[in-house]
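# 3D model of this:
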Amino acid sequence: MKKKITTKDVPDRENDQLITHWVHRKISRRITPFLYNHTSLTGNQVTVIGFLFCMAGAALFTTGVWKCLIWGAVLLEFGYILDLCDGELARCRKESSYYGGYLDSALDLILDPLLIIAITIGAYRIYPVTHIWILGLASLYFFTVFYVTARFYTLNQIPHKVVKKKFSGFGKWYNLFFYARQWHINIIAVGALLNQLYLVLWGLAVVGNLYWFAYFIMQHRSVRSDFLKKKK
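Purely as a prediction, here's the structure:
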């Protein structure tokens with residue numbers, strides 16, 4: 001008979017952002033022991049289930065009806081919490097694998113553009129003006145460019161310094177403002193709860209594109225600096 005686990009047995013992670021560390025992880029670390037102790041679900045299966053919850057939330061966003069937006073936000077947040085549980089469960093079961101990481105990332109890359117399309121449709125139903133489609137395209141562009149630059153920067157042949165994120169000191173502020181998927185999931189959910197998908201699109205379209213440009217400049221300077229040091 002396998003040994004049951006408790007919340008204390010679920011490993012924490014340092015690379016979470018503050019809101020995930022202090023809110024979402026507190027919930028996921030209570031769900032994971034239940035999944036481990038009372039089900040035979042694998043981490044990969046939980047990944048797919050979480051993805052389906054998020055997709056259901058995206059479908060509700062397209063309606064533009066506030067009650068549906070609220071339920072969509074709930075489903076999106078719950079799906080995101082399950083997206084944390086999958087890794088926790090896999091580590092507890094000692095089933096972590098390259099395929100699990102690939103599946104998680106692949107489904108994220110499928111979901112996120114669909115979320116933008118969904119909130120663009122929902123925002124247009126609420127406020128039918130033509131420029132909403134432009135905002136939606138600009139938001140999609142932000143996601144595309146940011147994902148490419150972020151993934152490109154992590155390739156093994158490109159040396160770069162790893163900034164260790166912590167929950168105190170300078171690392172705390174870095175962890176708070178560094179953009180990651182955790183940000184736009186929560187921004188979309190809060191915008192839906194407040195019935196402000198229009199403002200969410202403006203934020204992603206304007207601030208998001210400014211962010212990837214700044215990220216690209218910092219990335220370029222870091223890689224170029226490492227390259228010049230190696231030439232000496």
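
# pick out the residue nearest the middle of this protein.
Note on the chain: the residue nearest the mean C-alpha position is Arg181, at 2.6 Å, using C-alpha atoms, centre = their mean.

# next, the contact list for it, please.
Contacts for Arg181 were tallied using C-beta atoms under 8 Å, 6 or more residues apart in numbering; they are Asp108, Asp112. Where you see a C-beta, it was placed from the backbone N, CA and C, and this is true even at glycine.

# in this structure, which helix or strand is least confident?
Within the chain, no helix or strand scores below helix 169-177, which has a mean of 57 by mean pLDDT, DSSP states H and E.

# skip ahead from that helix and say which helix or strand is next.
The helix or strand immediately downstream of helix 169-177 is helix 181-193, counting by DSSP states H and E.

# that following helix - what's its average pLDDT?
Per-region confidence: helix 181-193 scores 90 on mean pLDDT.

# one more: stretch 65-80?
Throughout stretch 65-80, pLDDT has a mean value of 97.

# same question, stretch 139-146
Mean pLDDT, computed over stretch 139-146, is 89.

# who touches it?
By C-beta under 8 Å, 6+ apart, the list of residues contacting stretch 139-146 from outside reads 112-113, 116-117, 120, 179, 184, 201, 204-205, 208-209, 211-212, 215-216.

# same check, this time on stretch 31-46
Applying C-beta under 8 Å, 6+ apart, the contact partners of stretch 31-46 are 4-7, 9-10, 49, 81-82, 85-93, 95-96, 99-100, 103.

# which of the residues you listed are buried, as a ChimeraX select command?
Paste this into ChimeraX to select the buried members of these, with burial taken from 16 or more other C-beta atoms under 10 Å:
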select :5,10,49,81,82,85,86,87,88,89,90,91,92,93,100,103
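
# so which of the contacts of stretch 31-46 belong to helices?
The helices, defined by DSSP state H, take in 49, 81-82, 85-92, 99-100, 103 from these.

# out of those residues, who's nearest Arg29?
The nearest member of these to Arg29, counting by C-beta to C-beta, is Glu88 at 6.8 Å.

# which pLDDT value goes with Trp212?
83.

# check contacts around it.
Contact analysis of Trp212 by C-beta under 8 Å, 6+ apart lists Phe142, Val145, Phe146, Thr149.

# all helices of the chain, in order?
Listed in chain order, the helices of the chain (DSSP H) span 18-19, 25-38, 43-61, 66-92, 98-126, 131-153, 169-177, 181-193, 197-202, 208-231.

# now the angle from the fourth one to helix 25-38?
Relative orientation of helix 66-92 versus helix 25-38 (axes from the mean of the first three to the mean of the last three C-alpha atoms, to 10 degrees): 60 degrees.

# pLDDT check: weakest of the contacts of stretch 139-146?
Tyr179 (61).

# and for the residue lying closest to Ala123 once chain neighbours are set aside, the neighbour number?
Spatially, and ignoring its direct neighbours in sequence, Ala123 is nearest to Leu197 (4.0 Å; C-beta to C-beta, 6 or more residues apart in numbering). For Leu197, the tally of surrounding residues (other C-beta atoms under 10 Å) stands at 26.
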